[in-house]
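J.: Quick one: sequence and predicted model below, then my questions.
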There are 2 protein chains.
Amino acid sequence: MSESKKDYRSIAAGKKLQQNGKIPKEWLLSLKEYEGSSNFIDIPTTCGILNDVECKITSEYDATALLEKLKAGDLSAEQTTVAFCKRAAIAHQLCNCLTEIFFDEAIDRARQLDQERKSGKTLRPLHGLPISLKDSFQVKGYDTSTGLGCFVNEPAEEHSSLAALLLDLGAILYCKTNLPQSIMTGDSDNNVFGRTLNPHNTFLTAGGSTGGEGALIALRGSILGVGTDIGGSIRVPSLCNGIYGFRSSVGLVPHGGVRDLSVPGTDGVRSSAGPLATSLRDCALFLKTIMQTDTWRYDSTVISVPWTDLPSKKRLRIGLVRDDGIYTPTPPIRRGLETAADLLRKSGDVEVIPLSLPNMIGVYMDFIQYMALLGSDHYLELFARTKEPVIPSLAVTPLLTLKGTDLRGFFDLNVRRAAAAKSYLKLFLDNDIDAILMPVAAHTAVPFNSWSGISYTSLWNALDFPAVVLPAGKVQDSDLPDDISNATYGPQDTKVYSLCMVLLASLHTCLYTGPELYKDAPIAVQLVGYRHRDEALTNTAAIVDGIINGKKARD
Amino acid sequence: MSESKKDYRSIAAGKKLQQNGKIPKEWLLSLKEYEGSSNFIDIPTTCGILNDVECKITSEYDATALLEKLKAGDLSAEQTTVAFCKRAAIAHQLCNCLTEIFFDEAIDRARQLDQERKSGKTLRPLHGLPISLKDSFQVKGYDTSTGLGCFVNEPAEEHSSLAALLLDLGAILYCKTNLPQSIMTGDSDNNVFGRTLNPHNTFLTAGGSTGGEGALIALRGSILGVGTDIGGSIRVPSLCNGIYGFRSSVGLVPHGGVRDLSVPGTDGVRSSAGPLATSLRDCALFLKTIMQTDTWRYDSTVISVPWTDLPSKKRLRIGLVRDDGIYTPTPPIRRGLETAADLLRKSGDVEVIPLSLPNMIGVYMDFIQYMALLGSDHYLELFARTKEPVIPSLAVTPLLTLKGTDLRGFFDLNVRRAAAAKSYLKLFLDNDIDAILMPVAAHTAVPFNSWSGISYTSLWNALDFPAVVLPAGKVQDSDLPDDISNATYGPQDTKVYSLCMVLLASLHTCLYTGPELYKDAPIAVQLVGYRHRDEALTNTAAIVDGIINGKKARD
């Protein structure tokens, strides 16, 4: 390795300089104007960098609508790409959400696609659609540093399977996005690129690990991004940033060539790739387009379940889970969930069945063990290569203090995991439900370095059930703190508390102090479906989203 | 456990007595008549136990044709089931191929299905079709002993997922079939039920581990059976018994509730369930019917790839692998493969591309390690429970002498396995082939306790590519031994030889001594397709089978 690998600070300084150089001067914000602001959502359209057409292109469409315009020729790929590159540059200056920037290459490619269009060739399925990727997806010629000093200046020699597939499908890749050191925390912060801010409220985390995507999409510097999720890494930032995010069943979306930092060859609970977007139908567009292709040609690890359009159901049965028995939801989360459940009931189309989650603590403890099967030395070794310190949000998790297990211990985990998956399938079938509606977490986005647990999301990674996050409003002035719960451990259960304390080395609880600190923080709900029935879940979610966020809900 | 668990001999005696009692007296053969015979194939139709109609029912149809007759009402489920129960009883008396026998229950169920038919209900997809199962599939109320003394007289409390699914689909389960102690050898022999004989030549093994199915189907005591395959356990008996066998991609056919004897929770190379049949289209019928159902309702471990009818191709490109570089095929195997390849070439519809298999030895060594990740103590512990000895065919494999690995070693295996899967996918794609045609093994069925390796089959388990066995004739008088090869190790490669000797503790090579000993031994070829593209492989195999076994080949 080169001399520059010796210290992360010089590596980071060089990388940031290189990164800044990728943003044209005329796209630079006068950042001083926004000092004192804690909500950046409106800045992209008011800062004067985007012209009216670019504002319209980046503001008024979701990916589905934009793709229609692109295919119809109402918008050129070039003008669309330029608009999103500009807006991504603005978003990045505000929230520090990007890692690799390749606007020039993207605009060149857009011109080629415009030419391809003119030549009369059949349009590709994602013709000209800009898509952003989490940093961990390899894109040939660019780093896959994942925010680690040791991987900076090592450009990828080949595309990750998904990047290759998306390019073949006609998408335009233009940037990669920030994530936490270790890719395992709720704060997208690292020693190379620094912290991504939450554009809704800069005092709160943008979430992790796909937090760069979350902030970028909230500011519409992208309208369709791809993340990965092994414990909540798509869903947590979707919640924090008020967007949609879909954790698909493992393997349906090609994951080959993604750099995760687990020990190579790690098996057990696996990471899953999936979309983050501004609409639910864009999540469906992404999944459908991917699953309709021969994904197996791109990735020998993929599970090639083809998309087959299902008839939509008229009546739904939705299980309602209010509390996972480990972390009690804060008042705004409870309100958001109850409001959603009430709207479903009132719609007349949905039967809501309250449910409890069996054996949550056991599954969660095992999940945590899966995340550190060989302990954490491999993380520390990566950090040590450039002498980089542990980021605070990682230091508060148990990840670096957990002991590993052995092969028999791993098999024992597998036995319990298989039993849990069987019992949860039975729970779904016995109650004849289409999906479970529940919180994404016990709380909204929280202050920096205090994300307190991922039991609500990681459960579905452990079981490999697909799960989608739907926005459900924002914290309101009426969301007062109460004594019953503050995202502490199981309301009346000291056993839960002590188990959590054993499990989590230096755990912080998130005290909900009232709406002031959490101003504008998005609220969301999670909808969970059957494994490999991701398509059915998108259909169910479309109905639920229509009711809780559609016209009916606003009336 | 009860006192009877103390010694396997008393357990086995009791079990055999119970088993014999399940066969009605009027179905008993006069076995003395057949002393001296080594080929039993014609006995079921000549012994006089089956009447003319029963002979016809069990002899003239494959499952696809029989199902048409059943659905059309040309045959009742009852008469069909009785015929197959009778013929299975005959096959069992000849070859010792059954374990659990539940003819009475099957006939009762057949009557119910006949009633269901009369009631005008929509016919179930497999209405009245008798299907046999390898012993390792749990069927409620019957043992899943897998031939081990310690599991005898412990009736299953619930159906395996596949048994439940097949029953819901209208199939009739009537018996389970024999397998080797450990379910890991090429000889279906154990201390409870004894050895299954090969009905084509009783001096040769019936193969394993699904050898009971192989012999039963060869005698048409069943025309559709289900086995499992982790290293060749469907394909080896298909070869030995001259029938069709399909190892599907892992997870497509529900495997939940199958007793395998690996350490619970074992991950890595996984067992796959699949059909054994008398025609290729019956393998397709089985897979299509299963994959068209909501398998995910039956099994939380299933991979729910739905069957979607693919357009059939006019022209094929088939890779031809003559030798795996480890075991050199014997003369009849070479002849069978070359004849098949010649027929394909001459058909005008198929381009044949000679290929070599990359890194065979590495993949095979790793495969063997996957089979004993924690060593072999768990097998020995099971045997010790009833003091049963190791069967000879297990003693000659390396299974009981291999050392285990640790968690990091397991992950290292996974890394190499993923790299191999990627390189093999590339081999297929770079050569633009539909499938690879190759031997199933270096030899035909061999004398007892001398099966010498499973490199030709286990490769595709290691990579999880689907593979189907097609019969390709029999050993002929012209198949003389030669000096070039005798199913020894890689023709000119001493490195291969020494690697094999390191790998395999007390390995026997199979010397081909000429056609006398191998009289009537079936020859077969193996066709291998892309992972999760099992449907495409059935289409490809239909064309190949049509050419090598169809009208064209006979002309």
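T.: Perfect, I can see it now.

J.: Would you list the phi and psi of the residue nearest the centre of chain A?
T.: Centroid-nearest residue in chain A, with Cα atoms, centre = their mean: residue A:234, separated by 2.1 Å. When read as degrees, to the nearest 10, the backbone of residue A:234 gives phi -90, psi -40.

J.: Let's verify the closest residue to residue A:273 other than its chain neighbours: helix, strand, or coil?
T.: Take residue A:273 and drop its neighbours on the chain: the residue closest to it by Cβ to Cβ, 6 or more residues apart in numbering or on different chains is residue A:253, 4.1 Å away. Every C-beta, even on glycine, is put in place using the N, C-alpha and C of the backbone. What DSSP: H, G, I helix; E, B strand; the rest coil gives for residue A:253 is coil.

J.: show me what contacts residue A:253?
T.: For residue A:253, the contact set (Cβ atoms under 8 Å, 6 or more residues apart in numbering or on different chains) comprises A:162, A:226, A:272, A:273, A:274, A:287, A:290, A:295.

J.: longest helix of chain A?
T.: Longest helix in chain A, counting residues (DSSP state H): helix A:407-430.

J.: Which residues belonging to that one are considered buried?
T.: A:407, A:410-414, A:416-418, A:420-422, A:424-425, A:427-428 (16 or more other Cβ atoms under 10 Å in any protein chain shown).

J.: now residue A:410: how far from residue B:149?
T.: Counting by Cβ to Cβ, to the nearest Å, the gap from residue A:410 to residue B:149 is 30 Å.

J.: again, but for residue A:360
T.: In this view, residue A:360 and residue B:149 are 40 Å apart by Cβ to Cβ.

J.: Those two: which has the busier surroundings?
T.: Shown here are residue A:360 and residue B:149; by other Cβ atoms under 10 Å in any protein chain shown, residue B:149 has more neighbours (27 against 20).

J.: on that earlier part again, from the buried residues of helix A:407-430, which are also near chain B?
T.: Restricting those to those adjacent to chain B (criterion: Cβ under 8 Å from any Cβ of the partner chain) gives A:407, A:410, A:411, A:412, A:413, A:414, A:418, A:421, A:422, A:424, A:425.

J.: any chance of those residues in JSON lines, with pLDDT too?
T.: Formatted as JSON lines, these follow (pLDDT from 0 to 100):
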{"residue": "A:407", "pLDDT": "98"}
{"residue": "A:410", "pLDDT": "98"}
{"residue": "A:411", "pLDDT": "98"}
{"residue": "A:412", "pLDDT": "98"}
{"residue": "A:413", "pLDDT": "98"}
{"residue": "A:414", "pLDDT": "98"}
{"residue": "A:418", "pLDDT": "97"}
{"residue": "A:421", "pLDDT": "98"}
{"residue": "A:422", "pLDDT": "97"}
{"residue": "A:424", "pLDDT": "98"}
{"residue": "A:425", "pLDDT": "98"}
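
J.: In the stretch 1-150 of chain A, what residue lies closest to chain B?
T.: Distances between the stretch 1-150 of chain A and chain B by Cβ to the nearest Cβ are smallest at residue A:138, namely 13.8 Å.

J.: so who does that residue touch?
T.: The contact partners of residue A:138, by Cβ under 8 Å, 6+ apart, come to A:144, A:156, A:158, A:159, A:160, A:163, A:257, A:258, A:259.

J.: Test my guess that the fourth one contacts residue A:167.
T.: Yes. Residue A:159 lies in contact with residue A:167 (Cβ atoms under 8 Å); the separation is 7.2 Å.
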